[in-house]
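J.: Provide a 3D model corresponding to the input given below.
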Amino acid sequence: MSPAGLVSLTVGLTCGAAAAQRIIERQRRRKLRQLASEWRMNFNAKDQLRLAARVAHFFPIPGAANVMVGDVIYGIDGEVYRYVFTAEYTLGVLRTKRRYLRVACFAEPRDRNRPLPSEPVLLAPLRLPLLEQYQVFSPSAKRVSGIS
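T.: Model prediction:
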């Protein structure tokens, strides 16, 4: 194979993989938008509410670094603002670093004068697929603290 052919093949495969990833992300976000609509909540693909800093402070896994938030479903649930989102974080030191992607739930009181609970971030079980992790925190699901 000529060098030009190899470059063309590499560029073609890269573009194909990028297009496939974009399609998969679009489908996942469409499903999450539908889920938010069913729950009578709102959806935002980005962290426009700037939850990452608040979530990182109360994250239940010691040593979690570079916590990022995305695909946020949010709304008012009684006396609290409730957020269900994808949390991406790194665990490990040096060569054993690994990136995790889990769905988490965070609630904060609507009244800013009330104190926050000591552990407001709950994590869905890691063994479930991502969309099923969101179902763990549905408004109709029985609320159980300490999900991890």
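J.: kindly export stretch 90-97 (C-alpha atoms) in CSV.
T.: Below are the C-alpha coordinates for stretch 90-97, written out as CSV (Å, rounded to 0.1, in the frame of the first residue of the first chain):
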residue,chain,number,x,y,z
THR,A,90,-10.4,9.6,38.0
LEU,A,91,-9.2,7.2,40.7
GLY,A,92,-5.7,5.9,41.3
VAL,A,93,-2.1,7.2,41.6
LEU,A,94,0.6,7.2,39.0
ARG,A,95,0.3,4.3,36.5
THR,A,96,-2.9,2.8,38.0
LYS,A,97,-5.1,5.8,37.2
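J.: show me the contact partners of that stretch.
T.: With C-beta atoms under 8 Å, 6 or more residues apart in numbering as the test, stretch 90-97 has contacts from Ile61, Gly63, Ala64, Ala65, Asn66, Arg98, Arg99, Tyr100. Just so you know, the C-beta spots here come from the backbone N, C-alpha and C atoms, and that holds for glycine as well.
J.: in what helix or strand does the nearest residue to Val103 once chain neighbours are set aside lie?
T.: The shortest distance from Val103 to any residue that is not its chain neighbour, by C-beta to C-beta, 6 or more residues apart in numbering, is 3.6 Å, and that residue is Gln133. Counting by DSSP states H and E, the secondary-structure element that holds Gln133 is helix 130-136.
J.: same question for Ala4.
T.: helix 3-38.
J.: least trustworthy helix or strand in the chain by mean pLDDT?
T.: When each helix and strand of the chain is scored by mean pLDDT, DSSP states H and E, helix 51-57 comes last, with a mean of 87.
J.: which residue would you name as the spatial centre of this structure?
T.: Compute the mean C-alpha point of the chain, and by C-alpha atoms, centre = their mean the closest residue is Thr86, 0.4 Å away.
J.: Ala141 touches Gln133, doesn't it?
T.: No - at 11.5 Å, Ala141 does not count as touching Gln133 under the criterion of C-beta atoms under 8 Å.
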